[in-house]
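# Provided below for reference: sequence and predicted model.
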Number of protein chains: 2
Amino acid sequence: MKRRVTLKDVARYAGVATGTVSMVMNNSPLVAAATRERVLRVIRERGYVYHRAAAQLRKKRTDIVGVSTCDLVNPYFAEVAAGVEQILEEQGRALVLGNARESTVRQARFLATLREYNVEGALVMPAIGTTRAAIEEVISWHIPLVMVTRYVPGVFCDYVGNDNRLGSVLATRHLLDLGHRRIAFIGYNRRTSTGRDRFAGYRAALAGAGVALAAELVVECAASRQAGFDAVTRLFAASRPPSAIVCFNDLLAFGAMLGLQHRGVAIGGECSVVGADDIAESALWTPALTTVAVDAEGIGRAAAHVLWQRLEDPGRSPTRQTLTPKLVVRTSSGTAPRPRLKGRTA
Amino acid sequence: MKRRVTLKDVARYAGVATGTVSMVMNNSPLVAAATRERVLRVIRERGYVYHRAAAQLRKKRTDIVGVSTCDLVNPYFAEVAAGVEQILEEQGRALVLGNARESTVRQARFLATLREYNVEGALVMPAIGTTRAAIEEVISWHIPLVMVTRYVPGVFCDYVGNDNRLGSVLATRHLLDLGHRRIAFIGYNRRTSTGRDRFAGYRAALAGAGVALAAELVVECAASRQAGFDAVTRLFAASRPPSAIVCFNDLLAFGAMLGLQHRGVAIGGECSVVGADDIAESALWTPALTTVAVDAEGIGRAAAHVLWQRLEDPGRSPTRQTLTPKLVVRTSSGTAPRPRLKGRTA
DNA sequence: CCGGCAATTTGAACCGATTCAAAATGCCCG
DNA sequence: CGGGCATTTTGAATCGGTTCAAATTGCCGG
């Protein structure tokens, strides 16, 4: 077992002091070009490998960033993570990944671990149920934290996400413009900021058009295909079903469309459906889903960028950055059907 | 700025030697229970935080594992990564993530970085075009490496993946059993082991049934929905279209089904379609897709487990572990249509 | 009361980089 | 030729744990 080549060895072979080699490794402009060349040649010849842990002991920088995902199996969060990775890679920082799987316990455990690794900062997609205290604890450790995609109310720190409220406004307004008045909202979840904001946009758009919000048209449920199917079943079992549905996300919309097809309701005709996220399948469904496109990778990239800014200038006040979603109109939404004028003609 | 609480401080406050505190931190059975309690109390009271980089300097273990994904945006690989994360988390190891996005350059750069972090091992999903030399270089650094999902031929190291050959055999045999004889294969890609193995299974199943492989029924193309659509267009433009299609994966199958619907070909009747992977959408399509289910998370978990075994016993000979996929029959596949007996009746 | 053995505890050297005050070197100008 | 200044280089102290040979403590049987 050969001993590892250390910086000291390099210094000896190159005939310089350890400090000089260190400066070469850190691209210091103070070393003379000729010296730098000589040192670099020795490094190459001897196969020297920089030892980051040793460096970290004295230097304060670690070039490590922690990333906590709430659910990596969900393609949306995986895309956000991919965006984050892209920027961190460009910055030459390493990414330590944790997947909370929507468990605040796992999330807390991961964040505590990050502390032992002396990460420079953390990008957190808060798991459902994350408390203000949990986030503030991390900040109290002096680890710069950026909330991504979801935020925890009342926490004073950076946030990058989608403008979910606007997204729902666009979706709902689109339906209102098509003449719809009985518009349902399915997938309301008050436990995440995304859930609350998307609902708030729906509510605001209705109010803006002078349409009263009908409690029986709001369905609180999970964000799965099955839940969408069930929600439609429930809505259409009632006396006055909606003529359009705003869905919390595309998965729910798919379930809803299946439910409508199952009942023989014409999608885009008798009942319109709008989703959110614009995942890959949305364009391929029959009918193609009208949805609010969210740039998940862009959010990840922006979040990594915001963390970088904070590291550059720790004093700056927290930013709250939202990317603007845009409505993609396809065939699952159409003009409102004429109301059947029951009895009125009599 | 308060100075950080070090192990030495803990030792002083607890009235013991640094060595003792170190042993407590490492759960050594040598410290007396009473001493351990006292030290732990001081640690809690003073808010001591273990400094892994410092520990690493002397200890050889790092508890860090590198994970290189070939494409994190692909839900399949994201699932594998999630499986890996789950096991590493249980083992108390940190996961440093890299996303090669199918670039061998990015992959190589990431693997080189891992060396500087002194990772205990690496789990690599080789990017398209990964050479034997690239993998062997990592091994030459004495970093235990496990290839996941894809393998590079000729490399003598651990591998965990799906039995793709078997999967295609199951799919093809299923179609043969339904009476099909003109069976196409779309999405052949000879640049990944998955591509080669899935094609090999198709070829073997045909041979086993005494059916000649028709070159015009094999389409080499990307693994996207669009490619599936285009492949069908091509196959059905020819004189004798297939009565069934084995697709490299589900995405391709969706594209193919859209293509068939577009041409007015009855899926499961006039032409059957079988996919592979069984992603979430597959069960929801109309018709529901018959496919070969692959346990992506299971593969990730198994891979992390294999790495653990190798760390426990570096001397063991490399394993080559494949999980068994299983056929999920749904409605996109049906009995072969009667051949139209052109002219024969005359 | 003592020798012997097992169970604990000690603490100084060490891991491999970074730091920075001080020294060395080179160059220009009077 | 020497002083002054800018450019490079030096190297010992330091970061915060781990190690392990050696010392200490406790207990038991004789």
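That came through, no problem.
# hey, let's count contacts and neighbours off CA atoms from now on
Will do.
# Close to DNA strand D: what parts of chain A are there?
Taking Cα under 7 Å from any atom of the strand as the measure of proximity, chain A contacts DNA strand D at A:15-20, A:29-32, A:34-36, A:54, A:57-58.
# how near is the one residue in the stretch 151-300 of chain A that gets nearest to DNA strand D to residue A:122?
Of all residues in the stretch 151-300 of chain A, residue A:157 sits closest to DNA strand D, at 26.6 Å by Cα to the nearest atom of the strand. Separation of residue A:157 from residue A:122 (Cα to Cα, to the nearest Å) stands at 12 Å.
# Now the common contact residues for the two.
Contact criterion Cα atoms under 8 Å, 6 or more residues apart in numbering or on different chains; residues shared by residue A:157 and residue A:122: A:145, A:146.
# Those two: who's more crowded?
residue A:122 (25 against 18; other Cα atoms under 10 Å in any protein chain shown).
# My assumption is that the more buried one lies in a strand; please confirm.
Yes: counting by DSSP: H, G, I helix; E, B strand; the rest coil, residue A:122 is located in a strand.
# which residues sit in contact with it?
A:65, A:66, A:67, A:68, A:143, A:144, A:145, A:146, A:307.
# Which pLDDT value belongs to residue A:25?
pLDDT recorded at residue A:25 is 95.
# Next one: the closest residue to residue A:302 other than its chain neighbours from residue A:83, what distance?
Nearest non-adjacent residue to residue A:302, counting by Cα to Cα, 6 or more residues apart in numbering or on different chains: residue A:160, 6.9 Å away. Between residue A:160 and residue A:83 the computed distance is 12 Å (Cα to Cα).
# and if you look at residue A:45?
From residue A:45 to residue A:83 the distance is 37 Å (Cα to Cα).
# between those two, who's got more neighbours?
Using other Cα under 10 Å, the more surrounded residue of residue A:45 and residue A:83 is residue A:83, with 24 against 10.
# quick one: which helix or strand includes that one?
Following DSSP states H and E, one finds residue A:83 within helix A:75-91.
# Now do the helices in chain A.
Taking DSSP state H as the criterion, chain A carries its helices at A:7-14, A:18-25, A:33-46, A:52-58, A:75-91, A:104-116, A:132-140, A:164-177, A:193-208, A:225-237, A:250-263, A:296-312.
# that older thread, tell me what the residue nearest to residue A:302 is bridged to.
Here residue A:160 sits in beta bridges with residue A:148, residue A:321, as judged by DSSP bridges.
# ok, residues contacting the helix holding residue A:83?
By Cα under 8 Å, 6+ apart, helix A:75-91 touches A:67, A:69-72, A:94-95, A:279, A:296-305, B:72-75, B:78, B:97-99.
# Tell me the confidence at residue A:144?
On pLDDT, residue A:144 comes in at 97.
# tell me the contacts of the closest residue to it other than its chain neighbours?
Sequence neighbours aside, residue A:121 is the residue nearest to residue A:144 in space, at 4.7 Å (criterion: Cα to Cα, 6+ apart). The contact partners of residue A:121, taken as Cα under 8 Å, 6+ apart, are A:64, A:65, A:66, A:143, A:144, A:145, A:307, A:311.
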